[in-house]
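S.K.: Predicted structure and sequence below. I'll ask about it afterward.
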Amino acid sequence: DQQVKQNSPSLSVQEGRISILNCDYTNSMFDYFLWYKKYPAEGPTFLISISSIKDKNEDGRFTVFLNKSAKHLSLHIVPSQPGDSAVYFCAASARSGTASKLTFGTGTRLQVTL
Amino acid sequence: DVKVTQSSRYLVKRTGEKVFLECVQDMDHENMFWYRQDPGLGLRLIYFSYDVKMKEKGDIPEGYSVSREKKERFSLILESASTNQTSMYLCASSLEQLNTEAFFGQGTRLTVV
């Protein structure tokens, strides 16, 4: 039962254009959402997050949008750069007993072409 | 700067061996996690720990156990390695507070032959 879904396994975007990565979730108990970026043979690195009480958070070229009613979030990267080519994971946080744990999506591989 | 260090980048083990994956964090984080990453399946939580000697099962705990004797160290144990445990294993840690990110180690690529 996949509680966090990334339905696009891959995405190719030209350099300078906007990249939009999408994520859907099913568990209404999730209250915090994060995006991680992962290069091959490295651990994921935190990119940007958003609390469930907000609908937008921006950090430089990265913006995350949250639509709670649709249980949908998206990551916008503009302008896209070749160094953005990586796998992007959406994650959602909920408390489990005494700890907050993250549930991850399956990832979207972004390729930014010249 | 948070650092999560996994003891090995690459491991090759034989079927049936007992395997230990070690993880150390240097930021006094309460929570520590073990995930595995497989193509098309994303990151799946194996076990996590919210305090010393405390542990909880994640989504796929079968075939694994964990140990947390000290706050900074969280070990993943494969009691009897099998080929379907060939994977990338990722350790992470986080503070026990609301709305905080987890920090990951560099990963251990384990191959069971």
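M.R.: Yep, that arrived.

S.K.: Paired strands for the strand ranked longest in chain A, with orientation please.
M.R.: Criterion DSSP state E: the longest strand present in chain A is strand A:86-96. Sheet pairing here is set by DSSP bridges, and for strand A:86-96 it gives strand A:32-38 (antiparallel), strand A:99-104 (antiparallel), strand A:108-113 (antiparallel).

S.K.: And the contacts of it?
M.R.: A:3-4, A:6, A:21, A:23, A:25, A:27, A:29-39, A:44, A:47, A:73, A:75, A:100-105, A:107-110, B:42-43, B:56, B:99 (CB atoms under 8 Å, 6 or more residues apart in numbering or on different chains). The C-beta positions use only the backbone N, C-alpha and C, and glycine is treated the same way.

S.K.: Output it as PDB, nothing but the C-alphas.
M.R.: Output in PDB follows, covering the C-alpha atoms of strand A:86-96 (Å, rounded to 0.1, in the frame of the first residue of the first chain):
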ATOM      1  CA  ALA A  86      19.200  13.400 -10.200                       C
ATOM      2  CA  VAL A  87      16.500  11.300  -8.700                       C
ATOM      3  CA  TYR A  88      14.000  13.300  -6.700                       C
ATOM      4  CA  PHE A  89      12.100  11.700  -3.800                       C
ATOM      5  CA  CYS A  90       9.000  13.100  -2.200                       C
ATOM      6  CA  ALA A  91       8.500  12.300   1.500                       C
ATOM      7  CA  ALA A  92       5.800  12.800   4.000                       C
ATOM      8  CA  SER A  93       6.000  12.900   7.800                       C
ATOM      9  CA  ALA A  94       3.600  11.600  10.400                       C
ATOM     10  CA  ARG A  95       4.100  10.700  14.000                       C
ATOM     11  CA  SER A  96       4.400   7.000  14.700                       C
END
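
S.K.: starting at the chain centroid, how far to it?
M.R.: Offset of strand A:86-96 from its chain centre (CA atoms, centre = their mean, to the nearest Å): 7 Å.

S.K.: hmm, back to that, which of the strands paired with strand A:86-96 has the lowest mean pLDDT?
M.R.: Note on the strands paired with strand A:86-96: strand A:99-104 shows the lowest mean pLDDT, a mean of 85.
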